[in-house]
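**Q** take a look and give me a structure for this.
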Amino acid sequence: MSSPSMPGRCGNWGVTMHNKKWTVGLKNGSSLILGENRIFIFFLIVMGLMSILAPTFLGTGNIAPMMKTSLLPIMVAMGFTFVMISGNFDLSIGSVINVGAVVVMGEFNQFYDLFGGDSGGNQAVVWAWAIAILIALAAGALVGLINGLLVAKGKVHSFIVTIGMLISLSGLVYTYANGNTISAESTSFVDIMDTPFVKIPYLEIFSIRFLIVAVFLVFFEVLLTRTKWGRELFMVGSNRDAAWQAGINTDSKVIWSFVFSGVTAALGGILFSISMNAAVPNYGERGINPLMLVMAATIIGGTAMTGGSGSVFKTAVAVVTIQALFNGLISMGLGFDVQVLSAGLLLGAVVLYEAYDIYSKDLRRGERPALKAEAEMLKARAATKT
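**A** Next up, the predicted model:
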């Protein structure tokens with residue numbers, strides 16, 4: 001199905017189109033005044049404030065680590081954005097991160113020993129990592145597939161399905177790892193994962209892990225915004241009944257969005273554990289939960305909680321913005337407890353803003369801006385006559 005432009009939200013076709021929310025928001029004087037550009041404004045505000053309040057914030061020893069910290073949530077948020085655009089939630093991503101991390105480490109050790117261990121040389125390392133990564137990715141894809149089938153075919157609400165998967169996977173991961181941290185028996189590949197291509201200040205972020213995340217980011221953004229598949233996903237999230245009547249396989253779109261979420265969450269865990277040479281079965285249980293960070297970034301980035309609009313690239317910018325906020329608080333000498341508190345307050349503010357945004361759109365549903373001037377004129381005439 002081809003379309004000159006895509007809808008922004010369910011029930012608001014032809015009003016909130018791509019790149020037009022800014023103009024419409026200004027005319028209506030509503031919460032859409034920031035429109036789809038709000039994340040870039042927020043990014044500039046945070047970077048400006050942190051650079052003023054924390055003198056060391058823009059230092060060479062701060063920016064690169066901050067960007068490296070952003071790589072995991074950026075990877076995970078890509079698939080999560082697809083799920084939200086489809087009009088659903090995936091609350092299981094935290095456990096899927098642990099699945100990817102623990103499985104890749106555990107399977108690597110098994111296959112590394114199978115291929116001869118240290119006596120097998122580099123060949124044993126390469127084959128063991130390749131097989132372990134494929135198994136861990138397949139595990140993430142399987143989790144996503146199960147979630148998608150239960151939501152699309154089983155007609156169970158995504159909140160119930162994914163919260164159940166979250167709890168189930170937590171137990172499975174603990175069992176697989178025996179509740180312990182798993183480390184790779186060989187660090188040959190681990191040592192080069194985060195090694196910068198060039199040791200130049202501010203450019204030390206460019207590494208193999210960064211390159212992998214960047215490739216996936218470009219791929220998913222193109223898939224979402226430049227292909228028929230992506231346009232149809234927007235339609236499914238905006239109005240699923242209308243999309244189905246237009247001949248779109250809505251169940252397939254929902255299932256694939258969950259599969260993408262499972263794969264990206266698992267891959268995020270894989271890359272993180274390899275770079276750290278360790279995998280824990282309870283990552284995210286202490287401190288800032290990755291689900292909280294990813295959800296906040298996705299919404300701040302412009303993805304609607306009701307589905308039908310969003311951008312993977314803007315979600316990535318939102319992740320960096322939030323990490324910059326947290327990093328700036330640390331640079332100011334504030335404790336980790338303040339960072340966790342700010343994360344909770346930020347998520348709460350984002351949810352409240354989105355709820356008000358949805359409420360404002362419901363009030364304007366069916367509104368025809370072109371007839372506003374005529375309506376005002378008729379009101380004035382009626383008032384004059386009385």
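
**Q** gap between stretch 205-215 and the chain center?
**A** From the chain centre to the centre of stretch 205-215 is a distance of 17 Å (CA atoms, centre = their mean, to the nearest Å).

**Q** tell me the mean pLDDT for it?
**A** Stretch 205-215 shows an average pLDDT of 92 in the prediction.

**Q** show me what counts as buried in it.
**A** Neighbour-count burial for stretch 205-215, counted by 16 or more other CB atoms under 10 Å, picks out Ile205, Ser207, Ile208, Arg209, Phe210, Ile212, Val213. Backbone N, C-alpha and C define where each C-beta goes, glycine included.

**Q** so who does the fifth one touch?
**A** If a contact means CB atoms under 8 Å, 6 or more residues apart in numbering, then Phe210 has Met67, Lys68, Leu71 as its contacts.

**Q** how near is it to Val222?
**A** Noted for Phe210: a distance of 19 Å to Val222, by CB to CB, to the nearest Å.

**Q** equivalent analysis for the second one, please.
**A** Taking CB to CB as the measure, Ser207 falls 23 Å from Val222.

**Q** go on, the last one?
**A** According to CB to CB, Val213 and Val222 sit 15 Å apart.

**Q** check this protein for its longest helix and report it.
**A** helix 121-152 (DSSP state H).

**Q** ok now it, how far from the chain's centre?
**A** Distance of helix 121-152 from the chain centroid (CA atoms, centre = their mean) equals 20 Å.

**Q** what helices and strands are in contact with the very next helix or strand once past it?
**A** Using DSSP states H and E, the helix or strand that follows helix 121-152 in sequence is helix 158-177. Helix 158-177 sits against helix 93-114, helix 121-152, with contacts defined as 3 or more CB pairs under 8 Å, 6 or more residues apart in numbering; DSSP states H and E.

**Q** from what I see, Ser92 and Ser158 are in contact.
**A** No. Contact criterion CB atoms under 8 Å: Ser92 and Ser158 do not qualify, at 9.7 Å.

**Q** of these two, who's got more company?
**A** Counting neighbours by other CB atoms under 10 Å for Ser92 and for Ser158 shows that Ser92 has the greater number, 29 against 23.

**Q** need phi/psi at the more buried one.
**A** In terms of degrees, to the nearest 10, the main-chain angles of Ser92 are phi -90, psi 0.

**Q** follow-up on the earlier one: and the angle from the longest helix of the chain to helix 93-114?
**A** 150 degrees (axes from the mean of the first three to the mean of the last three CA atoms, to 10 degrees).

**Q** okay, angle between helix 121-152 and helix 158-177 too, please.
**A** 150 degrees.

**Q** counting contacts, what elements does helix 121-152 pack onto?
**A** Counting by 3+ CB pairs under 8 Å, 6+ apart, the packing neighbours recorded for helix 121-152 are helix 93-114, helix 158-177, helix 250-276.

**Q** average pLDDT across that helix?
**A** For helix 121-152, mean pLDDT rounds to 94.

**Q** that one to helix 250-276, inter-axis angle?
**A** Using the same axes, to 10 degrees: helix 121-152 against helix 250-276 is 150 degrees.

**Q** buried stuff in helix 121-152?
**A** Using 16+ other CB under 10 Å as the burial criterion, the residues of helix 121-152 that qualify are 124-125, 128-129, 131-133, 135-137, 139-141, 143-152.

**Q** and for stretch 58-75?
**A** So, applying 16+ other CB under 10 Å, buried residues of stretch 58-75: Asn62, Ile63, Ala64, Met66, Met67, Lys68, Ser70, Leu71, Leu72, Pro73, Ile74, Met75.

**Q** my read: Gln323 touches Lys68, true?
**A** No. Using CB under 8 Å, Gln323 makes no contact with Lys68, being 9.7 Å away.

**Q** low-confidence bits of the stretch 151-300 of the chain, can you list those?
**A** Filtered on pLDDT under 70, the stretch 151-300 of the chain yields the residue ranges 286-287.

**Q** about what we covered before: out of the helices and strands packed on helix 158-177, which is closest to Val173?
**A** Smallest distance to Val173 across these (CB to CB): 4.7 Å, for helix 93-114.

**Q** average pLDDT across the closest one?
**A** Averaged across helix 93-114, pLDDT comes to 93.

**Q** ditto for stretch 353-371
**A** 67.

**Q** cool, and stretch 70-87?
**A** On average, stretch 70-87 scores 95.

**Q** the nearest residue to Asn282 once chain neighbours are set aside: neighbour count?
**A** Once flanking residues are discounted, Asn282 sits nearest to Asn98: 7.1 Å by CB to CB, 6 or more residues apart in numbering. Residues within reach of Asn98, counting by other CB under 10 Å, total 28.

**Q** who's in contact with the residue nearest to the spatial centre of the chain?
**A** Geometric centre of the chain, nearest residue: Ala77, 1.5 Å, by CA atoms, centre = their mean. Neighbour list for Ala77: Thr264, Val294, Ala297, Thr298, Val312, Thr315, Ala316, Val319 [criterion: CB under 8 Å, 6+ apart].
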